[in-house]
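> the following block contains a protein sequence and its predicted model.
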Amino acid sequence: MRVTTDLWVSALVRRAFSAGGFAAVLQKGAAEAGAIFLVTRGRMGEVSLFGPAAQSSYDERKPSERLFRRIEEVDNADALDRRMARESRFDPDLWLVEIEAGDDFVAEAIPLTKGEG
């Protein structure tokens, strides 16, 4: 059974803070099953956007795990805002979480589809 989106996001935010990083919920969506988008910021200002992986990426043995895929690297806040505005029109119940906790934390905390990272 998959945990609610609200619980999953809360745990991610706590893990980021306990790792010495920062995380903030920029947009709160449906508590039970809203899609999660993650923005990561590196020390040199690089920004990456991660979103839900396609359903075909899931392994039948672990259907409760959330998987993400790197959508794109964005070079400025305006590009990110435009992208998320499009996503919000498609799914108004989505969550947007920003994480600044370093590459090691991101690699450990965000399960990516194979071939990404």
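Received the coordinates, thanks.

> what's the helix or strand bottoming out on mean pLDDT in the chain in contact with?
Across the helices and strands of the chain, mean pLDDT, DSSP states H and E gives its lowest value to strand 68-74, namely a mean of 81. Residues outside strand 68-74 that contact it (CB atoms under 8 Å, 6 or more residues apart in numbering): 36-38, 46-54, 57, 80, 83, 110-113, 116-117. (Each C-beta comes from the backbone N, C-alpha and C, glycine too.)

> likewise for stretch 8-18?
Against stretch 8-18 from outside (CB under 8 Å, 6+ apart): 22-25, 36, 66, 95, 97, 99-101, 105, 109.

> dump the C-alpha coordinates for it into PDB.
Extracted in PDB, the C-alpha atoms of stretch 8-18 (Å, rounded to 0.1, in the frame of the first residue of the first chain):
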ATOM      1  CA  TRP A   8       5.600  11.200   1.800                       C
ATOM      2  CA  VAL A   9       6.300  14.900   1.300                       C
ATOM      3  CA  SER A  10       6.500  15.500   5.100                       C
ATOM      4  CA  ALA A  11       9.000  12.700   5.500                       C
ATOM      5  CA  LEU A  12      11.100  14.000   2.600                       C
ATOM      6  CA  VAL A  13      11.200  17.500   4.100                       C
ATOM      7  CA  ARG A  14      12.200  16.100   7.500                       C
ATOM      8  CA  ARG A  15      15.000  14.000   5.900                       C
ATOM      9  CA  ALA A  16      16.300  17.100   4.100                       C
ATOM     10  CA  PHE A  17      16.500  19.100   7.300                       C
ATOM     11  CA  SER A  18      18.100  16.200   9.300                       C
END
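
> what strand or helix carries the residue positioned nearest the centre of the chain?
Most central in the chain under CA atoms, centre = their mean is L38, positioned 2.6 Å from the mean C-alpha point. Using DSSP states H and E, the element containing L38 is strand 36-41.

> which is the next helix or strand following that strand?
strand 47-52.
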